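need a structure here:
(chains A and B)
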Amino acid sequence: MASKLHISVSPHIRSSITTQRIMLDVVLSLLPATLAGCILFGWNALAVVGVCVLTAVLSECIFNLIIKKEQTIGDLSAVVTGLLLALNLPANIPLWQAAVGAIFAIVVVKCLFGGIGCNLVNPAITARVFMLIAFGTMAKAAFPVGMDAVSGATPLTELAQEKTVPLMDLFLGNTGGAIGETCALALLIGGVYLLIRRVISWHIPVAFIGTVFVFSLLLEGFDFTAALSWVLSGGLLIGAFFMATDYVTSPATSLGKLIFGFGAGIITVLIRFYGNYPEGVSFGILMMNILNPYIEIWAPRKLFGGKRV
Amino acid sequence: MAFRLKGAHVPHRKRTATLSAVRMSVPETVTLPMVMHIGAPATPVVKAGDAVYVGTLIAQQNGVVSSPVHASVSGTVSAVGEILLSTGKTAPAVTITSDGQMTADPAITPPTVTDRDSLIAALKKSGIVGLGGAGFPTYVKLGADKPLDIEELVINGAECEPYITSDSVTMVDRAEDIAFAIDTLTAHLNIGKVIIGIEKNKPQAIAAMKQLAKKNDKIQVCVLPSLYPQGGEKVLVYHTTGKVIPAGKLPIDVGCVVCNSTTMATIGQFLKTGMPLVEKCITVDGSAVKEPKNVIAPIGTSLKDVFEFCGGFTAEPEKVLYGGPMMGISVPDLDAPVLKNTNAVLALNAKDAKAPKTTACIKCGSCANHCPMGINPVTIAKALRHEDWETLEEAGTMLCMECGCCAFVCPAKRPIVQNNKLAKAALRAANAKEAK
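Numbers count the residues shown, from 1 in each chain, chains lettered A, B, ... in the order given. Next up is the predicted model:
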């Protein structure tokens, strides 16, 4: 008989979770920070976001067309990379520089290594570091609209010079810095959303932020306000919740995630207190991205019933 | 218990949960494959033209790990031929044309069971095999060659697969048969206690089994969380007894024997009546089925007849399964017969049969984080690509029971179970080569 039945290996049902849905959740979780950035830094911020997202998606699209690969922009990962990069840039950055950063993130860091799932390091973080070195991006970071200064020292520089920054300003984002990194409140809302949606687990953010807090506390002689300022300043929150938790470049086991977060935290503190750059979050994450394959070896899974004898 | 094994929250879809099993109309023909169990195929002892009754031996067992086959309808043997199994292999098969009478073989009498040996000998002739899954001959499991020290007899009533309710309905409808089986087994075998494990989404079955526990203090009912794959042998033994079955070992190596609840009911019925395994309660469901039911079907009935008894199809079925959607086997056509270990047949419509689009792995770790055995399928996939046998071994490839949690949760919809099956086969082949 002419059979028309499908034959396939089990399972024959799948959950509703898709890569696209996960990426959409990440985009949604970044909307509060994006909104806060646009309110704080004005139209410039929106322009940077637009340029980065569009350039990221377009460069992935064109790259796929050139190498005749199946189109992947539908998975929204390029949107996430573009948005994350924009939120890591100051609002006063020339738009052409923002576009170069997005192209670098997508083409060099992601596509040339094989596209989604194959990159060794986080595209947005790597592009931020690239731009920091190439353009000195963060040196003249914009201040929120309405503040006296147009650009100048970010809270991290102030803290390093042992000045104090009001905690409430740090919490609401009323300080200089990148578009999406200053408003701690918006970042926490997004982070909690990702935790509730189970897109990320608590391990990396808690280990990362906890390590920075504890070591800042020690180095500041148990000054809680100062330690809290270090946590709320710079790119720590956006890095810990949204960039260090990137699946591709972080470990999948709980222990591995704790090691990853701890390592990134230590490097961040070392650079912030003793390094040449005011900010160490990007370097911390980047370094741990590189060490990730080793962390997976250090923190293996426990098999039920052991290996076959 | 220190911790619970991981798993996946699969949809339940148990629409037939409260539907008692109904006996289907007598099919015109039945085709009984000689391979419905693990082990050597049975050898047919009938030829075309022979008259048979329900329960007449039509094929004898072949070696220790094997099982006899009995006629499931009365009538005439019309052919002793071959059948294509869902594994892709062929096996001898006996086709019987029914006379519509369902006359029981007059020679059948209840077995005389007085001790261990007579019990095992009776079960050997019953054709009863593990009815929940693999179809391992029950008499072998209970100690064919030597008495076993069974600390716990674990009765598997977990029924964690979506759709399937035949086990829970059997526990409700045939609690007396199960009780009789437990009483006889505990009387003649060395069994410490009997633990019945049931997922908590089956309140009627739990109540029915708790009634049994009231009358017999050897029996305990263990209510398990509804988390797939609760009914996996290693998972069930761990969650009911706390014992860890080491890799490559069997439950008996830790003093446990696991029997499916329907197997127990069948043992009970056989011990009472002497009627061997000739019919099976199966759940008939799926998006393409008009009237989902629990059906008692003669073994060997074609799926076509079974679906017809359930009102036919609402839409042309695109995929038909033996078993549930998590571990079920898709069949090539509707001529496939009901087997001894068939607990459900599902017909899926075009929407449910559509294969999801596979995208790139994003290394989210979800597969590994839902694996009850703690395996990381990503490691296996990479090691298989590199033919790195040592890593495959280290990664616990052979621990994979193909439960499908990994593939179920995978956001990239990757064929993880398929890949693990390939890895297991490749590793087995590589080890065999090395052994030479």
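
For chain A, what's the nearest residue on chain B?
residue B:365 (2.5 Å; C-beta to the nearest C-beta). Just so you know, the C-beta spots here come from the backbone N, C-alpha and C atoms, and that holds for glycine as well.

Excluding covalently adjacent residues, which one is nearest to that residue?
Closest residue to residue B:365 apart from its sequence neighbours, by C-beta to C-beta, 6 or more residues apart in numbering or on different chains: residue A:252 at 2.5 Å.

just residue B:359 next, same as before
residue B:412 (4.6 Å).

burial count for that neighbour?
Counted by other C-beta atoms under 10 Å in any protein chain shown, the residues lying close to residue B:412 total 23.

residues touching it, list them.
Counting by C-beta atoms under 8 Å, 6 or more residues apart in numbering or on different chains, residue B:412 makes contact with A:18-19, A:117, B:358-362.

Out of the residues you listed, name the ones that lie in strands.
Nothing among the contacts of residue B:412 maps onto strands, per DSSP state E.

Closest one of these to residue B:70?
residue B:358 (44.3 Å; C-beta to C-beta).

any idea how far residue B:292 is from that closest one?
Distance, residue B:358 to residue B:292, by C-beta to C-beta, to the nearest Å: 30 Å.

can you check residue B:13 too?
To residue B:292, residue B:13 is 10 Å away according to C-beta to C-beta.

do residue A:220 as well
Taking C-beta to C-beta, one finds residue A:220 at 67 Å from residue B:292.

who has more neighbours, the two?
A count of neighbours by other C-beta under 10 Å puts residue B:292 above the other of residue A:220 and residue B:292, at 21 against 18.

so what's that one up against?
B:15-16, B:19, B:283-286, B:310.

Which pLDDT value belongs to it?
At residue B:292, the pLDDT value in this model is 97.

Hmm, the residue of chain B closest to chain A is touching residue A:247, no?
Yes. Between residue B:365 and residue A:247 there is a contact under C-beta atoms under 8 Å: 6.9 Å.

Would you mind splitting chain B into its domains for me?
B:1-26+B:108-354, B:366-435 (automatic domain parsing).

now the helices for the stretch 101-250 of chain B?
If DSSP state H, counting those that start in this stretch is used as the criterion, the helices of the stretch 101-250 of chain B fall at B:116-126, B:138-141, B:166-173, B:175-188, B:203-215, B:233-241.

If you could redo that for chain A, that was the one I meant.
For chain A, the helices defined by DSSP state H occupy A:19-41, A:43-66, A:77-87, A:95-103, A:123-135, A:155-160, A:167-172, A:184-196, A:203-219, A:224-232, A:236-238, A:254-274, A:281-298.

Residue numbers of chain A in contact with chain B?
With the criterion set to C-beta under 8 Å from any C-beta of the partner chain, chain A comes near chain B through A:1, A:3-15, A:17-19, A:21-22, A:72, A:75, A:77, A:115-118, A:247-248, A:251-253, A:301-309.

Please pick the buried ones from those.
Taking 16 or more other C-beta atoms under 10 Å in any protein chain shown as the criterion, what is buried in the residues of chain A next to chain B is A:5-6, A:9-15, A:17-19, A:22, A:72, A:75, A:77, A:115-117, A:247-248, A:251-253, A:301, A:303-305, A:308.

which SS class is the residue nearest to residue B:359?
Under DSSP: H, G, I helix; E, B strand; the rest coil, residue B:412 falls in the coil class.

Please apply the same query to the one 5 residues further on.
When the structure is reduced to helix, strand and coil (three-state DSSP), residue B:417 reads as helix.

Helix or strand: which one has residue B:269?
Element membership of residue B:269 [criterion: DSSP states H and E] is helix B:261-273.

what distance separates the helix or strand just after that helix from the centre of its chain?
As assigned by DSSP H and E, the chain's next helix or strand after helix B:261-273 is strand B:279-285. Its chain's C-alpha centre and that of strand B:279-285 lie 12 Å apart, by C-alpha atoms, centre = their mean, to the nearest Å.

then the helix or strand just after strand B:279-285 to CSV, C-alphas only?
Downstream of strand B:279-285, the first helix or strand assigned by DSSP H and E is strand B:293-298. In CSV, the C-alpha atoms belonging to strand B:293-298 read as follows (Å, rounded to 0.1, in the frame of the first residue of the first chain):
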residue,chain,number,x,y,z
LYS,B,293,-10.7,5.5,24.2
ASN,B,294,-9.0,2.9,26.2
VAL,B,295,-9.5,-0.3,24.2
ILE,B,296,-8.9,-3.9,25.0
ALA,B,297,-7.6,-5.3,21.7
PRO,B,298,-6.6,-8.9,20.8
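
The one residue in the stretch 1-150 of chain A that gets nearest to chain B: what's it in contact with?
Residue nearest to chain B within the stretch 1-150 of chain A (C-beta to the nearest C-beta): residue A:11, separated by 3.5 Å. Shown in contact with residue A:11 (C-beta under 8 Å, 6+ apart): B:325-327, B:404, B:407-408, B:417.

One more pass at 6 Å, please.
B:326, B:404, B:407-408 (C-beta atoms under 6 Å, 6 or more residues apart in numbering or on different chains).

again with residue B:266
Contacts of residue B:266 (C-beta under 6 Å, 6+ apart): B:128, B:277.

Which pLDDT does the model give residue A:22?
Note on residue A:22: pLDDT of 97.

who's in contact with it?
Residue A:22 touches A:199, B:411, counting by C-beta under 6 Å, 6+ apart.
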